[in-house]
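In: I would like to see how this sequence folds:
(4 chains)
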There are 4 protein chains.
Amino acid sequence: MTKLSFENDYIAGAHPAILKRLCETNLETLSGYGSDPYCESAKEKIRQACGCENADVYFLVGGTQTNAVVISTMLRDYEGVIAAQTGHVSVHEAGAIEFTSHKVLEIPQENGKILPSVLEEYLKNFYADKNHEHMVFPGMIYISHPTEYGTLYTKNELSEISNIAHTYQLPLFVDGARLGYGLMSYETDVTLAELAKLCDVFYIGGTKVGALCGEAVVFTKGNTPKHFMTSVKKRGALLAKGRLLGIQFDTLFSDNLYFKISRYAIAMAEELKQIFREAKIPFYLESPTNQQFVILENQQMEKLQEHVTFSFWENYDANHTVVRFATSWSTKEEDLCKLRTILNE
Amino acid sequence: MTKLSFENDYIAGAHPAILKRLCETNLETLSGYGSDPYCESAKEKIRQACGCENADVYFLVGGTQTNAVVISTMLRDYEGVIAAQTGHVSVHEAGAIEFTSHKVLEIPQENGKILPSVLEEYLKNFYADKNHEHMVFPGMIYISHPTEYGTLYTKNELSEISNIAHTYQLPLFVDGARLGYGLMSYETDVTLAELAKLCDVFYIGGTKVGALCGEAVVFTKGNTPKHFMTSVKKRGALLAKGRLLGIQFDTLFSDNLYFKISRYAIAMAEELKQIFREAKIPFYLESPTNQQFVILENQQMEKLQEHVTFSFWENYDANHTVVRFATSWSTKEEDLCKLRTILNE
Amino acid sequence: MTKLSFENDYIAGAHPAILKRLCETNLETLSGYGSDPYCESAKEKIRQACGCENADVYFLVGGTQTNAVVISTMLRDYEGVIAAQTGHVSVHEAGAIEFTSHKVLEIPQENGKILPSVLEEYLKNFYADKNHEHMVFPGMIYISHPTEYGTLYTKNELSEISNIAHTYQLPLFVDGARLGYGLMSYETDVTLAELAKLCDVFYIGGTKVGALCGEAVVFTKGNTPKHFMTSVKKRGALLAKGRLLGIQFDTLFSDNLYFKISRYAIAMAEELKQIFREAKIPFYLESPTNQQFVILENQQMEKLQEHVTFSFWENYDANHTVVRFATSWSTKEEDLCKLRTILNE
Amino acid sequence: MTKLSFENDYIAGAHPAILKRLCETNLETLSGYGSDPYCESAKEKIRQACGCENADVYFLVGGTQTNAVVISTMLRDYEGVIAAQTGHVSVHEAGAIEFTSHKVLEIPQENGKILPSVLEEYLKNFYADKNHEHMVFPGMIYISHPTEYGTLYTKNELSEISNIAHTYQLPLFVDGARLGYGLMSYETDVTLAELAKLCDVFYIGGTKVGALCGEAVVFTKGNTPKHFMTSVKKRGALLAKGRLLGIQFDTLFSDNLYFKISRYAIAMAEELKQIFREAKIPFYLESPTNQQFVILENQQMEKLQEHVTFSFWENYDANHTVVRFATSWSTKEEDLCKLRTILNE
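Out: Next up, the predicted model:
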């Protein structure tokens, strides 16, 4: 019997509708580098979905790449990017931001989120410091939604962060590698249009939400850095067959596919939570999205690993470990049934 | 009528066998970042094809990215990479090598090729210069095969360059973005196994030879830079769904598909050359591969552009332009017939 | 009346013996870039003072430059440098390390020091993390002695840190911008020879200990990065008239001048501490070196600033501020008398 | 007998007037990082000398550093700097520009100079190239005056280059590491005020014209990059004791010292040329400044090296070598007499 897998949200290929479209268009002659009509169509659909007529949309291949490209093209020489200490750019990107010569200014977090008050305090202190000309200037605010811990900002929190950012004339950048799962959570009051209004640049994750690869970057205010395509090329991030990204996002933003499959993953996550509750497995924190963090006793964990794949997250104490289970558009209901059975054995 | 296109070798999607395989494997649960069995299988097939048991194989997404990753992880701090003045890394990658803090040391070329004698002279002069500690040390030799101009190194030339490189303890890196078209040329005496033996690292281009994206990097002597995967991640070049690359290369290296489709493109190129000869259109240079460079009189060019797409290459003189026609695995014989007709009108 | 100044330890020019020597040698014809006999002589004296026959010594111009040059030439691509959250490289160098594409891995500190237990825990956790290939590898340990807060490591602590570093095969780098004041503290058991033995590279600060500029980098085990001079040049850090640094360090390491003037600054700091104690001004922390951090009530601070210059350090609470007073080789005893009078008014 | 040295223009310490001033001011208490009154005074004198009321003046330590700081803070992400193939930034700075992630766009030269027509052609071709979005954009023009070969631009040439630069909205940057020797040449029609008017940023070399170290950067139009000081710090180029640079330039720009000593070096160079002419030693090219390039037969060169030090420049042919003799403010007339005697023996 193959193991059940809740290892992450990119264990399967692409949503079948995407593959179908790739096959249908495969032999069409299209020009390269994102100049084809599928890219154009996908961009327009995304602008519509965001309610942002003036937005500029670009397609990149992966999340780390997107973070590095966006941050390094928007920061000025003397600036760094503010991020949570647990932020993806702070911890899990092998120094991709620093590779572009910019510092990640790490600030304290709570459940993966930056609190508006903490952000404000940080900025106030920076400018109050009489030596700040010897320090890296804050030049952008990076948050992810959902965060590394699956948590979500409320509309109120996003507004506050946005206000603080703009008071200090800093762009707000939202990493939306799992954005669909955030927008379709049962417990959010944030819509795509509101998010787009509150931030200056964000991206709509494809890799973790049904695509083979691809992230759609949205500069919400026509504020794309000059000659952005050349900067993308300079970073080795310009895909020759841009169609691969355009067709995928065009499909994801047709008939609300992106939102439907995200909603499905959320339903699966709610079911997963119920299974854990029944099995009396404690949650590490409350996550309203597709990533669920639970605390397993170590022996229990090892036994479970014989049948189920999930992710190590961090050591909890000498006898317990925090692990992550992820659902996605590809999660099968029958696998959840099997998991319930295994946990109840 | 849609235009005929000979614009480049990435105007179509993927070879149908690749798409078929992506569809068949789509719902399999696979782990990420290149650790899946398709990647393993593809690597093994590539090692076999190269006759290099000890080679390390890695998959990256695109050509510029691959050049930047390989060069910057192999060079030492004080080193730069030697390339032809017309080399892709010298001219057409928006400064991707310099982005990694290394200089491209440009040397003269002939029809896109570095002559062994020119290389040797350059290296001799460098070490003879009493001020060379104030200069960028040559740390690697970069050539492409085929070159930017579709030309090929002979086995003899490759051996000489390899000898010179190793005399100076420099790794030889071959950019094989179009490698298939080089190996399958009617006029080459270089095989994949010989290439692998003569150089230290090279890559087998997928993007331009039938894949949606992807380049297979081969470190021929087990000489992969330490913690290469982390360096790849640091450059935003690590694909989450590594399967996308593994499955494509596994297909390309099954049943000699890579070589068959390359050979087909060469046959189409020979036909294309014949058409130009018949039409008395002069060649800019002799190319034995899938890229053909011809000189068009400017009015003739404009008229032709009404029906055919091709690439501007460079101005020849006030009244003439050098343009490029490319064939590929996706070139249709009927399109060549139509081109013949148009040119004979 | 001009204000008394305890602003920092670089408010005066050079120790007069240095200027005298610069004048005496001024018209001698010397070759450049550190190849003159004064540099040679200074290097030999430093090797003697360190008890390190095999040490390589290089002279650079300033502290931030030295940190960036040493760290970035010793780290490998996938590595970052561990430093205290309050470390100079973490906070006060405008991102000079990140400019070289490497992350500063900031860990918690106590009074400016890295505790051996905290360091060990960090390293253990890093390697225990199953995702560490997606993270920046620790590649070097950076400490400063004295620290940013004037505190000192004990011989025991240094040994423990050195052991941990070497267990994990990481070089230990000691920033000695104020090294003289550390070695000559009344409360240290660390000698220059011991420091040299325990670490892999360190520097002896000139700028803050009597020189116009200059830091002497000591690779204690002949472990200089290959072609270091070229890497220095690449970073714009190679001084044409290397004599300026050689003559200064040759003077500082003749007749124990470096140690004598450091000892004098320590005596002045002890006197300064006595003055604060008498005036019932509380210390922010216990510093055994030339930098003293005290807590002033804000009104008191403003009044004092009319007559005395010192450095803002950080806000303590709404009504109090932490400020720094520094002594140096140039501190005048009469200025301390005047300060005592002012504080007793 | 010690050898005569014409090795370069930085074989001696500082002009005695500078040392005198350093001694006189040595014990004054001054604040750091260029905020002292000597820096202020020097800046004002330089503005006066340049006839540029709105210029911003900054002091840096050395030439390579200055080139890297100015170029990398003025270029945008997607830009490189145009320089002659023989330019200092192209060849002799160990890749310091590339270290900042920018390409040096090397163009052909004549006697070290960029011809206006060549520059214009290059720019025209760049924008005519339909693929230029995949290439490094020209973002600045770098020339040196005098050039690497001691040659000078005429006022006309400078005007033309300036016009071309501004037509393409590119800043013109003049490397003036040896500027004094250019301005005081007997054969120039360029004044400091004209130079300042025609370019956007330039620097006045101190290291090679009488200072221990130091280059004065002049942003001629108040066009300093934002937070320049922080960018300088980020590059490890901010000197703590800024006084060292301020006092030196204040002295050099008092009583026309900078110009007087440059003129003296030119007079010595004219004498040197006369000596070579008498000895029938051929010039490699005509240089009107302090660097003279002559062609020596190899045996003659070896014999001469027994008594005289000069610089190897390049091999001329199998039997001849190009060597450089430099004069400076410190050249002694008696040394020229001795050289004449030696050459006539």
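
In: going forward, measure contacts between C-alpha atoms and count neighbours the same way
Out: OK.

In: Provide a list of residues in contact with the spatially most distant residue from the centre of chain A.
Out: Going by Cα atoms, centre = their mean, the residue of chain A most distant from its centre is A:K130, 36.4 Å out. By Cα atoms under 8 Å, 6 or more residues apart in numbering or on different chains, A:K130 lies in contact with C:F312.

In: Same check on the one 10 residues further on?
Out: When the contact criterion is Cα under 8 Å, 6+ apart, the partners of A:M140 are A:71, A:75, A:79-82, A:165, A:170-173.

In: Sheet-wise, list the partners of the strand or helix carrying it with their directions.
Out: A:M140 is part of strand A:137-144 when elements are defined by DSSP states H and E. When sheet partners are counted by DSSP bridges, strand A:137-144 sits next to strand A:79-84 (parallel), strand A:172-175 (parallel).

In: phi, psi of A:F325?
Out: Per-residue torsions, A:F325: phi -110, psi 130 (degrees, to the nearest 10).

In: Next to chain D, which bits of the stretch 151-300 of chain A? Give me the list.
Out: A:227, A:229-231, A:233-234 (Cα under 8 Å from any Cα of the partner chain).

In: Could I have the PyMOL command that selects the buried members from these?
Out: In PyMOL, this line selects whichever of those come out buried by 16 or more other Cα atoms under 10 Å in any protein chain shown:
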select buried, chain A and resi 229+230+231+233+234
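
In: Among the residues of the stretch 151-300 of chain A next to chain D, name the ones in helices.
Out: Of these, the ones assigned to helices by DSSP state H are A:229-231, A:233-234.

In: ok, those residues vs B:L183, which is closest?
Out: A:K233 (27.8 Å; Cα to Cα).

In: Could you pull out the strands in the stretch 201-345 of chain A for me?
Out: Shown for the stretch 201-345 of chain A, the strands assigned by DSSP state E, counting those that start in this stretch span residues A:201-205, A:215-219, A:291-297, A:308-309, A:311-317, A:320-326.

In: tell me what the last one is packed against?
Out: Yep, that's strand A:320-326 we're talking about. Helices and strands touching strand A:320-326, by 3 or more Cα pairs under 8 Å, 6 or more residues apart in numbering or on different chains; DSSP states H and E, are strand A:291-297, helix A:298-305, strand A:311-317.

In: so when I look at A:S90, I'm seeing a strand, right?
Out: No: A:S90: not assigned to a strand; according to DSSP: H, G, I helix; E, B strand; the rest coil it is helix.

In: Let me see the contact set for it.
Out: Contact analysis of A:S90 by Cα under 8 Å, 6+ apart lists A:83-84, A:104, A:106.

In: do that again at 7 Å, thanks
Out: Listed by Cα atoms under 7 Å, 6 or more residues apart in numbering or on different chains, the contact set of A:S90 reads A:83, A:104, A:106.

In: Please name the bridge partners of the nearest residue to the second one once chain neighbours are set aside.
Out: In space, and not counting its chain neighbours, A:V104 is closest to A:V81: 5.0 Å by Cα to Cα, 6 or more residues apart in numbering or on different chains. Beta-bridge partners of A:V81, counted by DSSP bridges, are A:V104, A:M140.

In: mind listing the helices for the stretch 101-250 of chain A?
Out: Assigned by DSSP state H, counting those that start in this stretch, the helices in the stretch 101-250 of chain A fall at A:116-128, A:155-167, A:179-183, A:192-198, A:228-234, A:243-252.

In: Determine whether any part of the fifth one lies close to chain B.
Out: Which is helix A:228-234. Yes: on the criterion Cα under 7 Å from any Cα of the partner chain, helix A:228-234 is in touch with chain B at A:230, A:233-234.

In: Turn these into JSON lines, columns for pLDDT.
Out: Below are those laid out as JSON lines (pLDDT from 0 to 100):
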{"residue": "A:T230", "pLDDT": "98"}
{"residue": "A:K233", "pLDDT": "98"}
{"residue": "A:K234", "pLDDT": "98"}
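
In: follow-up on the earlier one: got the buried residues for the strand holding A:M140?
Out: Buried residues in strand A:137-144 (16+ other Cα under 10 Å): A:137-144.

In: What's the mean pLDDT across that strand?
Out: In this model, strand A:137-144 has a mean pLDDT of 98.

In: what's the spacing between it and its chain's center?
Out: When C-alpha coordinates are averaged (Cα atoms, centre = their mean, to the nearest Å), strand A:137-144 and its chain have centres 16 Å apart.

In: So which residues on the stretch 201-345 of chain A come close to chain B?
Out: Contacts of the stretch 201-345 of chain A with chain B, taken as Cα under 7 Å from any Cα, map to A:212, A:230, A:233-237, A:239, A:241, A:244.

In: hmm, back to that, rank the strands of the stretch 201-345 of chain A by pLDDT, which is bottom?
Out: strand A:311-317 (a mean of 92).

In: Pull out the buried residues from that strand.
Out: In strand A:311-317, counting by 16+ other Cα under 10 Å, buried: A:311-315.

In: just checking, what packs against it?
Out: Applying 3 or more Cα pairs under 7 Å, 6 or more residues apart in numbering or on different chains; DSSP states H and E, one finds that strand A:311-317 contacts strand A:320-326.

In: Pull out the buried positions in the strand it packs on.
Out: Residues of strand A:320-326 classed as buried: A:320-326 (neighbour count, 16+ other Cα under 10 Å).

In: Report the contact partners of A:A211.
Out: Contacts of A:A211 (Cα under 7 Å, 6+ apart): A:14-15, A:248.

In: Just give me the closest of those residues to D:V217.
Out: Taking Cα to Cα as the measure, D:V217 lies nearest A:Q248 of the contacts of A:A211, at 51.5 Å.

In: residues contacting that closest one?
Out: A:18, A:211.
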